[in-house]
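Please find the sequence and the predicted model below.
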Amino acid sequence: MRDTADAFDGLSPSVGLELLLHGEITVEGRLTAASNATLYCTVSDGVRSAACVYKPVAGERPLWDFPDGTLAGREVSAYAVSEALGWAVVPPTVHREGPFGEGMVQLWVHGDTTVDLVALSRETDNAGLRRMAVFDAVVNNSDRKIGHLLPTPGGHLYGCDHGVAFAEDYKLRTVLWQWQGQPLPEDVVERLEAVGAQLEDSGSALSAALRRHLTGPEAYAVRSRVELLVRHGIHPYPAPDWPAVPWPPV
């Protein structure tokens, strides 16, 4: 995990992860603009506390293209892939019981409000943004909006809202298409190869996380996408029969 304590109430990501797993969750409010129940909370162990987001499975709206009750698990799977890549694209995220039943709990990112997110989303020389585009290709993210970009005061870039990812069919829908068809950086290919090795190892932490939260075909599709990215060595193109950009894009 990268040291981004500036984003997590002064806590390191590793300490924040432990707090998410074992702390007491107190609901403070609800993010009413979210399509599914998304609760702003505080998690505390009596000594330390941090802001977090809690998305109970009971508050998920049914979708035509994803099985009911699986969005929280997909968010946790996205965190597992992010950690396996070593890029910390996703804030610390766990699956646990909360005040309204099991769900996803994720550290709240205190972002840098001085950053113009629209301008950020169009950059072509931002390594963190480019890694996020590759991460989205791996998890088959069908909803990378501009508002899902979370730059921190220290300069690191996180992303959020990965519940509609990991479909078997190619459904990549994102605002980050500026590198389509371009060769992947060498260090990115190396990380993809490392993730591919973890996916081949049934005993790895990544494989275990995907088995827990995804179907067998969905987990296999992750491995296939990684293999394709390594084999072709380029950023993917949009699907010809699927919207390329989420709506609204912000």
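Now that the structure is in, tell me what you want to look at. Numbering: from 1, shown residues only.

So which other helices or strands are in contact with the helix or strand encompassing residue 40?
Using DSSP states H and E, residue 40 sits in strand 39-44. Packing partners of strand 39-44 (3 or more CB pairs under 8 Å, 6 or more residues apart in numbering; DSSP states H and E): helix 13-22, strand 24-30, strand 49-56. Where C-beta positions appear, they are placed from N, C-alpha and C, glycine not excepted.

run the last query once more with 7 Å
strand 24-30, strand 49-56 (3 or more CB pairs under 7 Å, 6 or more residues apart in numbering; DSSP states H and E).

Most tightly packed of these?
strand 49-56 (a mean of 22; mean count of other CB atoms under 10 Å).

As TSV, the helices and strands packed on strand 39-44 with distance to residue 99 would be great.
TSV is the format used below for those (distance: least, CB to CB, whole Å):
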stretch	distance to residue 99
strand 24-30	6
strand 49-56	8
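
Next, format those as JSON lines and append distance to residue 250 and mean pLDDT.
Formatted as JSON lines, these follow (distance: least, CB to CB, whole Å; pLDDT from 0 to 100):
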{"stretch": "strand 24-30", "distance to residue 250": "21", "mean pLDDT": "98"}
{"stretch": "strand 49-56", "distance to residue 250": "19", "mean pLDDT": "98"}
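
give me the number of residues near residue 117?
Using other CB atoms under 10 Å, residue 117 is surrounded by 19 other residues.

in terms of contact, does it touch residue 148 like I think?
No. With contact defined as CB atoms under 7 Å, residue 117 does not reach residue 148; the gap is 9.3 Å.

one step back: name the surrounding residues that touch the strand holding residue 40.
For strand 39-44, the surrounding residues in contact (CB atoms under 7 Å, 6 or more residues apart in numbering) are 19-20, 23-31, 49-54, 105.

now stretch 207-219
The contact list for stretch 207-219 (CB under 7 Å, 6+ apart) reads 73, 74, 76, 77, 80, 166, 168, 198, 199, 201, 222.

can you rerun that using 8 Å?
With CB atoms under 8 Å, 6 or more residues apart in numbering as the test, stretch 207-219 has contacts from 67, 70, 73-74, 76-77, 80, 95, 166-168, 198-199, 201, 222.

Can you flag the buried ones in those?
Buried members of the contacts of stretch 207-219, scored by 16 or more other CB atoms under 10 Å, are 70, 73, 74, 76, 77, 80, 95, 166, 167, 198, 199, 222.

For residue 236, grab the count of nearby residues.
When neighbours are defined as other CB under 10 Å, residue 236 has 22 of them.

right, I mislabeled it, should have said residue 232
The number of residues packed near residue 232 is 12, by other CB under 10 Å.

Report the separation between it and residue 246.
Separation of residue 232 from residue 246 (CB to CB, to the nearest Å): 24 Å.

Name the residues of the helix ranked longest in the chain that come out as buried.
Using DSSP state H, we find that the single longest helix of the chain is helix 216-232. Across helix 216-232, burial judged by 16+ other CB under 10 Å covers 218, 219, 221, 222, 223, 225, 226, 229, 230.
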